[in-house]
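K.L.:
give the three-dimensional model of this entry:
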Amino acid sequence: MDMTATRSNLKDMIQITGGTFEMGSDKHYPEEAPVSKVTLKGYWIDRYPVTNAQFQKFVKDTGYITFAELPADPKNYPGAKPELLAPSSTVFFKPSKTVNRGNHYNWWSYIQGANWRHPEGPGSSIKERMKHPVVHVTYEDVLAYARWIGKEIPTEAQWEFAARGGLDGAQYAWGDELYPQGKMMANTWQGEFPYENTCQDGFERTSPVGSYPPNGYGLYDMIGNVWEWTQDYYQERKMIKKSSCCSLENPERGNAQESFDPNMPEIKIPRKVIKGGSFLCAPSYCQRYRPAARMAQAIDTSTCHLGFRLIIAQ
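P.N.:
Down below sits the predicted model:
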């Protein structure tokens, strides 16, 4: 694909000068530990997640078709039911009452016809959500957009350093209180997950980018709203060798083979690190609305709460 944009779009980006920071957390989920000292060179990062309006322009200019809009190749999914191979994506639906939280199928459904144009499936639309983050994009979809616009997907370290906004070691992107003086700082879940959302933050699902205060670097929606792809293959942080005297320079950890889901040995689908949490992260369930938080996401999987932003290296 031809690159239709270059550094001329730096006006929509924030310059990160680089530096050394403490990456990860020893106080929360085990996959975030251990804390490691990391040094980064400077780069530019998108001020906001990529929106539906921006992604729509990409599709109109290129004719690109996302993974969720295409039938799946049965060779990659041995034993899959035919209906699961139809163009589909994963959508959250709020149950009407308390459910077993040990079974995520109580709120996640694989919906035929769900894609970036139809976030909740057939009948839903982005017409009134053009300033919301684009969702239902796989890693390859993000990579295609990045190549078109002339940018890159951030590494996990680049993403986390930017999300911290200069508050090295703080629990959240804005400090150590989730709701400082009762103020909603991000689009997350309030109430008992997954059946009760009080919407104190004003939104049931995604929100327009920039609806909440920026972090110390002037970046919006680094926490909550939608998870964001990074280019790192998922690997446990404990595999990184710690050093008491030196820092790691923008580490890109793991490889495709090491990132496979050990719980699904028959399916060899690489996984990438996603960051930032989403509108589904709740104090009562998934406290991953923090810069250090991380999860593994199969590169072929799109959801209603996963988007992206990009960088340009200096």
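K.L.:
residue 301 is in what secondary structure piece?
P.N.:
Using DSSP states H and E, residue 301 falls within no helix or strand.
K.L.:
surely residue 39 forms part of a helix?
P.N.:
No. Counting by DSSP: H, G, I helix; E, B strand; the rest coil, residue 39 falls outside a helix, being strand.
K.L.:
just checking, it touches residue 23?
P.N.:
No. Applying Cβ atoms under 8 Å, one finds residue 39 not in contact with residue 23, separated by 10.1 Å. No exception for glycine: its C-beta is placed from N, CA and C like everyone else's.
K.L.:
all strands for this structure, in order.
P.N.:
Applying DSSP state E to the chain gives strands spanning 13-16, 19-23, 36-40, 43-46, 88-92, 108-112, 227-233, 248-249, 271-275, 294-298, 306-307, 311-313.
K.L.:
mean pLDDT lowest for which of those?
P.N.:
The minimum mean pLDDT among those belongs to strand 248-249 (a mean of 66).
K.L.:
so where is the stretch 151-300 of the chain shaky, pLDDT-wise?
P.N.:
For the stretch 151-300 of the chain, the stretches flagged by pLDDT under 70 are 238-254.
K.L.:
all helices of it, in order?
P.N.:
Counting by DSSP state H, counting those that start in this stretch, residue ranges of the helices within the stretch 151-300 of the chain are 156-164.
K.L.:
one more: the stretch 1-150 of the chain?
P.N.:
Remark: helices assigned in the stretch 1-150 of the chain by DSSP H, counting those that start in this stretch are 52-62, 139-149.
K.L.:
hey, C-alpha coordinates of the first one in CSV?
P.N.:
What that stands for is helix 52-62. Provided in CSV are the C-alpha atoms of helix 52-62 (Å, rounded to 0.1, in the frame of the first residue of the first chain):
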residue,chain,number,x,y,z
ASN,A,52,-13.6,5.4,13.4
ALA,A,53,-13.4,8.5,11.2
GLN,A,54,-9.7,7.9,10.6
PHE,A,55,-10.0,4.2,10.0
GLN,A,56,-12.9,4.9,7.6
LYS,A,57,-10.7,7.2,5.5
PHE,A,58,-8.1,4.4,5.4
VAL,A,59,-10.7,1.9,4.2
LYS,A,60,-12.1,4.3,1.6
ASP,A,61,-8.6,5.1,0.2
THR,A,62,-7.4,1.5,0.0
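K.L.:
picking that back up, want to throw the helices of the stretch 1-150 of the chain into TSV with mean pLDDT and mean neighbour count?
P.N.:
Output for those, formatted as TSV (pLDDT from 0 to 100; neighbours: other Cβ atoms under 10 Å):
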stretch	mean pLDDT	mean neighbour count
helix 52-62	98	17
helix 139-149	97	20
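K.L.:
residue 203: which of the ones you listed is closest?
P.N.:
Closest approach to residue 203 among the helices of the stretch 1-150 of the chain is made by helix 52-62 (15.2 Å; Cβ to Cβ).
K.L.:
ok, the spatially most central residue of the chain to residue 107 distance?
P.N.:
When Cα atoms, centre = their mean is applied to the chain, the residue found nearest the centroid is residue 228 (1.8 Å). Using Cβ to Cβ, to the nearest Å, residue 228 is found at 21 Å from residue 107.
K.L.:
and for residue 11?
P.N.:
Taking Cβ to Cβ, one finds residue 11 at 39 Å from residue 107.
K.L.:
what of residue 84?
P.N.:
Look at residue 84 and residue 107: by Cβ to Cβ, they are 18 Å apart.
K.L.:
then residue 312?
P.N.:
With Cβ to Cβ as the criterion, residue 312 and residue 107 are 37 Å apart.
K.L.:
do the same with residue 191
P.N.:
In terms of Cβ to Cβ, residue 191 sits 13 Å off from residue 107.
K.L.:
do the same with residue 261
P.N.:
Distance of residue 261 to residue 107, given as Cβ to Cβ: 20 Å.
K.L.:
likewise for residue 178?
P.N.:
According to Cβ to Cβ, residue 178 and residue 107 sit 22 Å apart.
K.L.:
next: residue 266.
P.N.:
25 Å.
K.L.:
what about these two, which has more around it?
P.N.:
residue 107 (17 against 7; other Cβ atoms under 10 Å).
K.L.:
count of neighbours near the closest residue in space to that one that isn't next to it in sequence?
P.N.:
By the measure of Cβ to Cβ, 6 or more residues apart in numbering, the closest residue to residue 107 outside its immediate chain neighbours is residue 194, 4.2 Å from it. Counted with other Cβ under 10 Å, the neighbours of residue 194 add up to 23.
K.L.:
how near is the residue nearest to the centre of the chain to residue 262?
P.N.:
Note on residue 228: its distance to residue 262, by Cβ to Cβ, is 24 Å.
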